[in-house]
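Asker: here's a sequence, model it:
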Amino acid sequence: MTSNTDCHPKMQGQSPPFLAMLRSARLVAATRAPVLIQGESGTGKELLAQFIHEQSPRHRKSFIAINCAALPEALAESELFGHAKGAFTGANTAREGRIAAAQYGTLFLDEIGEMPLTVQSKLLRFLESGECQVLGEGRSIHIDTRIIAATNRGLADLVQQGRFRNDLYYRLQVVPLEVPPLRQRSDDIEPLAQQFLQWFSRHHGVAAPQLTDPVRRMMHRWSWPGNIRELRNLCERLVILHSGSDLAIEHLPHEIRACHPTTERFPAADFPITGISLEHLERELIMKALAHAGGNRSRAARLLDLSRDTLLYRIKKHGLQTD
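Answerer: Numbers count the residues shown, from 1 in each chain. Modelled structure (predicted):
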């Protein structure tokens with residue numbers, strides 16, 4: 001069976017927002033600074049944390065991930081910092097905390113906004129001094145573990161609500177990184193889909209289905225609210241249900257088909273008696289497509305059902321400046 005490390009695209013992509021984020025991640029990877037990764041659910045925040053770890057001098061040591069939302073408040077402190085035998089009822093043996101377990105490596109704290117306030121103060125102390133106080137022990141030990149935190153919620157809002165310490169927020173915010181949602185990475189949708197289809201075909205031992213032009217266009221037009229996780233799950237479904245097939249629009253989920261029906265066309269318009277300038281109309285449509293695509297020429301070309309080279313030729317022809 002293919003290893004799990006091949007199950008995801010390993011932070012691959014060519015869209016400008018993604019490449020800008022990756023450049024920043026490479027720069028911060030070489031440092032010891034804590035990192036705060038922000039982004040919508042399903043965008044690949046843990047993948048980015050792993051990438052930073054793998055690019056850092058700590059790459060030979062452990063990478064440990066914790067979902068803070070899954071930690072019971074009563075056990076969160078013990079889970080992170082460890083406890084001594086007899087520290088509380090049921091602590092029959094001593095236990096090493098996750099921070100110590102990641103010594104000389106990286107600890108990834110996902111959904112950091114869900115961490116209890118009582119634990120946040122101890123985490124802040126660790127970030128500032130490297131001191132880790134085990135629950136039930138009077139002494140502190142010094143640990144060299146890098147902290148990378150992630151959230152899909154606005155931590156600044158949680159600070160205003162009194163649910164997150166502002167000093168911890170600013171300590172984590174030394175190097176903030178924003179993972180762009182998939183709808184802003186339209187150039188990466190097809191390569192990622194191809195990669196997922198190939199991987200799942202090997203994983204399940206079946207032939208990979210083939211993307212067709214109508215399916216490609218519809219995938220590019222979908223907003224992907226679930227981001228890369230949604231695309232990954234869709235690709236696995238397509239591999240299981242339609243292995244070896246040329247994919248058709250009918251194979252896509254109802255919500256994608258309902259949002260962009262195959263009969264979609266421009267609404268009919270009356271032709272003016274005085275006539276119309278086709279050159280002017282083409283120029284206006286190109287400008288609107290570029291504006292809708294946020295200046296992304298590849299996405300604008302797809303909106304106009306043109307190749308990118310054709311769009312670039314027509315941009316030059318009309319003397320349009322998009323930079």
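Asker: gap between Tyr313 and Ser121?
Answerer: Between Tyr313 and Ser121 the distance is 61 Å, computed by CB to CB, to the nearest Å. Bear in mind the C-beta positions are built from the backbone N, C-alpha and C, glycine included.
Asker: which SS class is Ile141?
Answerer: Assigned state for Ile141: strand (three-state reduction, DSSP: H, G, I helix; E, B strand; the rest coil).
Asker: what's near enough to touch it?
Answerer: With contacts defined as CB atoms under 8 Å, 6 or more residues apart in numbering, Ile141 is in contact with Ala100, Glu131, Cys132, Gln133, Val134.
Asker: do a quick rundown of the helices in the stretch 201-323 of the chain.
Answerer: In the stretch 201-323 of the chain, the helices defined using DSSP state H, counting those that start in this stretch lie at 213-221, 227-241, 254-259, 278-292, 297-303, 308-317.
Asker: for those, which one ends up most surrounded?
Answerer: Each of these was given a mean neighbour count from mean count of other CB atoms under 10 Å, and the largest, a mean of 21, is that of helix 297-303.
Asker: packing partners for that helix?
Answerer: Counting contacts by 3 or more CB pairs under 8 Å, 6 or more residues apart in numbering; DSSP states H and E, helix 297-303 is packed against helix 186-204, helix 213-221, helix 278-292, helix 308-317.
Asker: if we can go back for a sec, export the helices of the stretch 201-323 of the chain to JSON lines and tack on mean pLDDT and distance to Glu190?
Answerer: Formatted as JSON lines, the helices of the stretch 201-323 of the chain follow (pLDDT from 0 to 100; distance: least, CB to CB, whole Å):
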{"stretch": "helix 213-221", "mean pLDDT": "91", "distance to Glu190": "6"}
{"stretch": "helix 227-241", "mean pLDDT": "96", "distance to Glu190": "10"}
{"stretch": "helix 254-259", "mean pLDDT": "85", "distance to Glu190": "15"}
{"stretch": "helix 278-292", "mean pLDDT": "84", "distance to Glu190": "19"}
{"stretch": "helix 297-303", "mean pLDDT": "81", "distance to Glu190": "10"}
{"stretch": "helix 308-317", "mean pLDDT": "82", "distance to Glu190": "13"}
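Asker: and Ala291, how far from Leu303?
Answerer: Using CB to CB, Ala291 is found at 10 Å from Leu303.
Asker: show me the contacts for the residue most central in space within the chain.
Answerer: Central residue of the chain (CA atoms, centre = their mean): Thr43, 2.1 Å from the mean position. Counting by CB under 8 Å, 6+ apart, Thr43 makes contact with Val179, Pro180, Pro181, Leu182, Asn227, Ile228.
Asker: skip the chain neighbours and tell me the closest residue to the last one.
Answerer: Spatial nearest neighbour of Ile228, chain neighbours left out: Gly44 (5.2 Å); criterion: CB to CB, 6 or more residues apart in numbering.
Asker: just give me the neighbour total for the one you found.
Answerer: Using other CB atoms under 10 Å, Gly44 has 24 other residues around it.
Asker: find me the pLDDT at it, would you?
Answerer: pLDDT, Gly44: 94.
Asker: got the phi/psi numbers for it?
Answerer: Geometry field for Gly44 lists phi and psi as phi 100, psi 40, criterion degrees, to the nearest 10.
Asker: from Glu128, how far off is it?
Answerer: When CB to CB is applied, the distance between Gly44 and Glu128 equals 29 Å.
Asker: next: Phe88.
Answerer: Look at Phe88 and Glu128: by CB to CB, they are 26 Å apart.
Asker: on that earlier part again, give the contact list for the closest residue to the residue nearest to the centre of the chain other than its chain neighbours.
Answerer: Once flanking residues are discounted, Thr43 sits nearest to Val179: 4.2 Å by CB to CB, 6+ apart. Remark: with contacts taken as CB under 8 Å, 6+ apart, Val179 is in contact with Met21, Ile37, Gln38, Gly39, Glu40, Thr43, Gly44, Lys45, Leu48.
Asker: next, the fifth one: secondary structure please.
Answerer: Reduced to three states with three-state DSSP, the structure at Glu40 is coil.
Asker: before we move on, back to that, most neighbours, which of the contacts of Val179?
Answerer: Result: Ile37 is most packed of the contacts of Val179 (other CB under 10 Å), 28 neighbours.
Asker: what sits up against the helix or strand it falls within?
Answerer: Assigned by DSSP states H and E, Ile37 belongs to strand 35-38. Around strand 35-38, the neighbours that count as contacts under CB under 8 Å, 6+ apart are 28, 45, 48-49, 52, 112, 147-152, 155, 172-179.
Asker: stretch 75-89 too?
Answerer: Contacts of stretch 75-89 (CB under 8 Å, 6+ apart): 66, 68, 71, 91-100, 115-116, 118-119, 122-123, 132-137.
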